[in-house]
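*Asks:* Following is a predicted model, sequence given first.
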Amino acid sequence: MSTVIQERPPHPSPTPQSRKSFSIKNIFLSLAVFLVVLFCLAPALWQLLTSFKVNEDISAVPTIYIPTRYTLNHYIDLFVRRPFWRYICNSAFVSITSTAFSLSIGAPAAYALARLRPWGGKVILAAVLIVTLFPGILLFLGLLEIIQALHLGNNYLALIIPYTAINLPLTILVLRSFFEQLPKDLEDAAKVDGYNTWQMLLKILLPMTLPALVTTGILTFIFAWNEFIFALTFITREEMKTIPVAAAQLGGASVFEIPYGPIAAATVLGTLPLVLLVLFFQRKIVQGLTAGAVKG
Amino acid sequence: MVNLNTIRSREQRTAWILLLPAILLLLLVFGYPIVRAFWLSLFTKNLGTELQPVFSGLYNYVRMAGDGRFWQTFGTTAVFTTASVVLELLLGMGIALVLNQKFLGRSFVRTSAILPWALPTALIGLAWAWIFNDQFGVVNDILHRLGLLETGINWLGNPTLALLAVIFADVWKTTPFISILLLAGLQSISSDLYEAHSIDGATPWQNFTKITLPLLMPQILIAVLFRFAQAFGIFDLIAVMTGGGPGGATEVVSLYIYSTVMRYLDFGYGAALVVVTFLLLILAVAIASFLLSRSRTRTSRA
């Protein structure tokens, strides 16, 4: 709570508009802003710095904050000694495919819930809302049985199907709130012009929905890229692992020889795509999250 | 009238065709595992039964009641969840209030403020394990330089400190989610309200408690509900940072369920653990949505 108080004048004077308290407020605000940025970025930047340090500097005591030597060896190590390129491709493939599936299954469902008032729509919506709260640990046992029964172990489908499903609730909630804000006149006009529902959906609605699909797609991509427990359980073959699992399992020759450098490099590579997404789509991510959580 | 009815029923048919793939997939991935866990929890299926299900009624639940490890993990989960959600809420509120001010570079600050949320939890766990490293960790170094510490602390090797470290990492990772939701709420509060209140001579603190907090209550409850569910089922962060150690000090329910199933191959008991966790979660959702609907009617009345 200290931050809350910090950004206000510590002793609210009877004349809060006076110039002096205004500048005190500014100082506290700048300090608070600085602390927020430091808090949010420092751990990630520290990992970035570690990934470029040479081994002696990594394990130097006292800690070296401004290294004089930099190296790319930890990154090279990942690609030469381990199939890191495969991990990246696996993560990308699974995330992109499941995002595409979530959007193409979720968007029609969202439209139906927003516009066509199906019987039982309220129940479905409530179920979708509750389901967003289920952690993966509740599902992995049942899914494991399904995957064993269908012989899907070590198959990308073992990840793509669950990822599509865990992203469906968010997709449906965000897109439903989007469809509800869309003027209905357009659809009516299209119907008057002789389009049937399907033509209207594909030719008129879909192009208008693209921005909302991008917003939702970014979120589902992030969730799929970050998923851990299913990827850990359903994929055991080394060359099919996704980045979070592969990075978590990076080990040294012995317990005492933890490869801090390569681990840091793997963290950086695994987070890089998401950092880029956040840099370019910050606004959309915020929009999507608030639409998904609050309006639902 | 007949015509209207046929239009309506055609619309219904279209609606259900559009909904069907989503419903089927949700039933497969969410519905089946939950129902299956209820069913399987009535059987003993482990190495003792050669992995064949043998009906044993409520035995698994009786066993759970006397399972010290279950109660310990449950307690750890409760401490972890409460501490991290409360801290995140306070910090998230602070950050949201800061981000709601006007200042130079606000867009950059907002971008940095959501970054932790977007990063993969497992990788973040690795980063924090490194930061809290007992020999080379930066936390020990900073504390040492500040003169607060003579020798390095083995953060992840001490039961209490390991739990603290894990909570800290979780707070870092998920506070942005709460700030985003609360910031959206703050932006929807009209500034007229504050001005009117200031004319009546209200202090900033009164503004906060009398206007901001009550109007923000729906967002706060939603954020807490989401975070409660996620923290209650936390797996990746702890699995990567401590693996539940030292000596089970950071073992939460989800880690216990995972090792029950994957290490001890005790499927029946694992299913019973899933059922209990599920029921607790549903209970929490019910309480939260009750509070939410009450606060919503109150805000709309105000």
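*Replies:* Alright, I've got the coordinates.

*Asks:* residue ranges of the helices in chain B, please?
*Replies:* Counting by DSSP state H, chain B has these helices, from start to end: B:2-26, B:32-40, B:59-65, B:68-99, B:106-118, B:121-131, B:138-145, B:159-187, B:191-199, B:204-207, B:213-232, B:236-241, B:253-262, B:267-301.

*Asks:* out of these, which comes closest to A:Asn154?
*Replies:* Smallest distance to A:Asn154 across the helices of chain B (CB to CB): 15.5 Å, for helix B:253-262. Heads up, the C-betas are built off the backbone N, CA and C, glycines and all.

*Asks:* Burial check on residue 109, number of neighbours?
*Replies:* As the question left the chain open, I've gone with chain A. Neighbours of A:Ala109 under the rule other CB atoms under 10 Å in any protein chain shown: 26.

*Asks:* my bad, chain B
*Replies:* 18.

*Asks:* Tell me how far whichever residue of the stretch 151-300 of chain B sits closest to chain A lies from A:Val268.
*Replies:* Closest approach between the stretch 151-300 of chain B and chain A, counting by CB to the nearest CB: B:Gly233, at 2.2 Å. Distance of B:Gly233 to A:Val268, computed by CB to CB, to the nearest Å: 27 Å.

*Asks:* Over to B:Leu51?
*Replies:* Going from B:Leu51 to A:Val268 by CB to CB gives 42 Å.

*Asks:* residue contacts, the residue nearest to A:Ala190 when sequence neighbours are not counted?
*Replies:* Leaving out its chain neighbours, the residue that sits closest to A:Ala190 by CB to CB, 6 or more residues apart in numbering or on different chains is A:Met200, at 4.4 Å. Counting by CB atoms under 8 Å, 6 or more residues apart in numbering or on different chains, A:Met200 touches A:Glu187, A:Ala190, A:Lys191.

*Asks:* Swap in 10 Å and give it another go.
*Replies:* Listed by CB atoms under 10 Å, 6 or more residues apart in numbering or on different chains, the contact set of A:Met200 reads A:Leu186, A:Glu187, A:Asp188, A:Ala189, A:Ala190, A:Lys191, A:Asp193, A:Gly194, A:Leu206.

*Asks:* what about burial for those, which qualify?
*Replies:* Neighbour counting with 16 or more other CB atoms under 10 Å in any protein chain shown marks A:Glu187, A:Ala190 as buried within these.

*Asks:* Show me which pair in the contacts of A:Met200 is furthest apart.
*Replies:* A:Gly194 and A:Leu206, at 18.1 Å, using CB to CB across those.

*Asks:* ok now do B:Leu89, which residues does it touch?
*Replies:* B:Leu89 makes contacts with A:Met1, B:Thr175, B:Ile178, B:Leu182, B:Ile220, B:Ala223, B:Val224, B:Arg227, as judged by CB under 10 Å, 6+ apart.

*Asks:* ok, so of these, who is nearest A:Leu143?
*Replies:* B:Arg227 (24.2 Å).

*Asks:* State the number of residues packed around the closest residue to A:Glu238 other than its chain neighbours.
*Replies:* Once flanking residues are discounted, A:Glu238 sits nearest to A:Pro83: 6.9 Å by CB to CB, 6+ apart. Per other CB under 10 Å, the neighbour tally for A:Pro83 reads 16.

*Asks:* surely A:Pro83 meets A:Asn90?
*Replies:* Yes: in terms of CB atoms under 10 Å, A:Pro83 counts as a neighbour of A:Asn90; the distance is 9.4 Å.

*Asks:* Overlap in contacts, those two.
*Replies:* Shared contacts of A:Pro83 and A:Asn90, defined by CB under 10 Å, 6+ apart, comprise A:Glu239, A:Met240, A:Lys241, A:Ala246.

*Asks:* From B:Trp205, how far out is B:Ile199?
*Replies:* Taking CB to CB, one finds B:Ile199 at 17 Å from B:Trp205.

*Asks:* what's the spacing between the closest residue to A:Ala247 other than its chain neighbours and A:Ser91?
*Replies:* Spatial nearest neighbour of A:Ala247, chain neighbours left out: A:Ala266 (4.0 Å); criterion: CB to CB, 6+ apart. Remark: distance between A:Ala266 and A:Ser91 (CB to CB) = 12 Å.

*Asks:* got a list of what residue 127 touches?
*Replies:* This is for chain A. Neighbouring residues of A:Ala127 by CB under 10 Å, 6+ apart: A:Gly120, A:Pro169, B:Ile23, B:Leu26, B:Leu27, B:Phe30, B:Gly31.

*Asks:* you looked at the wrong chain, it should be chain B
*Replies:* Under the criterion of CB under 10 Å, 6+ apart, the contact list for B:Ala127 reads A:43-44, A:46-48, A:50, A:263-264, A:267-268, A:271, B:119, B:169, B:172-173, B:240-241.
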